[in-house]
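# What would the 3D arrangement of this be:
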Amino acid sequence: MRGHNFLIGQYVPGDSFLHRMRYLYKLLGMAVVGVLCYLLPLLFPPSWLVLGLLLLAVLLLFMAARLPWRALLGPIKLLWPVLLILGAYQCLIQGFIAGVLIAANILLVMLSCVYAASLLSLTSKSQEILDGLTSLVRPLRWLGADPERFALTVSMMFRSIPYLLGAYADVHDAAKARGLERSVKAHLMPTVISTVALAQSTGEALAARGIGD
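Below you'll find the predicted structure:
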């Protein structure tokens, strides 16, 4: 099932400079992309031009990391309905020309941030992510924070979200095969059952290792 395959993770083995870079540096780079998405339109209008250059820079990093092209197509397949709705809304509210420009800015910002986050996960092993998050939270230990538990929680969240998306895709395919692609019940109940099963199995695994007591 695709839902269960998603649980394995998205890391793509390689020997590029991004694969060798420390996780915290890559995390900082992703944060820089997010900040630039906010600052560049304010400093260098027209914003679609500078945001396009930013997206181009992120795509060049994809090429430098020698990642598969399907990693570029995945976010577009997921985002295009949202982008289409946002674009139509902006055209309706702002007028066609202004709406298209605003929609283009939204598209460039979303793709830049999503691809930057994808670079982070595609070039980082699970253990690197855990170690990096643990180091990031360690200064907060004096406030009572548990860095290891925080890193584990974030890691489980990152793995659970794609699992649930994949589980829904499996349910949708099964419902479509039975001619029930428009049935809310045929989609909702199996997805809820998969979600509860994931939560129970995760809790049992953590309890067996003495985590969460």
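
# tell me the mean pLDDT for the strand or helix carrying Ala169?
Taking DSSP states H and E as the criterion, Ala169 maps to helix 147-177. Averaging pLDDT along helix 147-177 yields 73.

# From the chain's centroid, how far away is that helix?
11 Å (Cα atoms, centre = their mean, to the nearest Å).

# Any buried residues in that helix, and which?
147, 150-152, 154-155, 159-160, 162-164, 166-168, 170-172, 175 (16 or more other Cβ atoms under 10 Å). All C-beta spots, glycine's among them, are computed from the backbone N, C-alpha and C.

# now do stretch 68-86
For stretch 68-86, by 16+ other Cβ under 10 Å, it's 71, 75, 83, 86.

# One more: stretch 132-142?
132-134, 136-137.

# again, but for stretch 99-107
Those would be 99, 102-107, for stretch 99-107 by 16+ other Cβ under 10 Å.

# now that stretch: mean pLDDT?
The average of the pLDDT scores along stretch 99-107 is 84.

# which residues sit against it?
Applying Cβ atoms under 8 Å, 6 or more residues apart in numbering, the set of residues contacting stretch 99-107 from outside is 41, 46-48, 51, 83, 86-87, 89-94.

# hmm, back to that, residues in contact with the following helix or strand past the helix holding Ala169?
Downstream of helix 147-177, the first helix or strand assigned by DSSP H and E is helix 184-208. The contact list for helix 184-208 (Cβ under 8 Å, 6+ apart) reads 3, 156, 160, 163-164, 167-168, 171-172, 174-175, 178, 180, 212-213.

# Can you classify Gln10 by secondary structure?
Assigned by DSSP: H, G, I helix; E, B strand; the rest coil, the conformation of Gln10 is coil.

# Which element, helix or strand, includes Val137?
Counting by DSSP H and E, Val137 is part of helix 126-137.

# go on, Val58?
Judged by DSSP H and E, Val58 forms part of helix 47-64.

# From the contact counts, what lies against that helix?
Packing partners of helix 47-64 (3 or more Cβ pairs under 8 Å, 6 or more residues apart in numbering; DSSP states H and E): helix 17-20, helix 23-43, helix 70-94, helix 96-122.

# any idea of the mean pLDDT in the first one?
Same thing as helix 17-20. 92.
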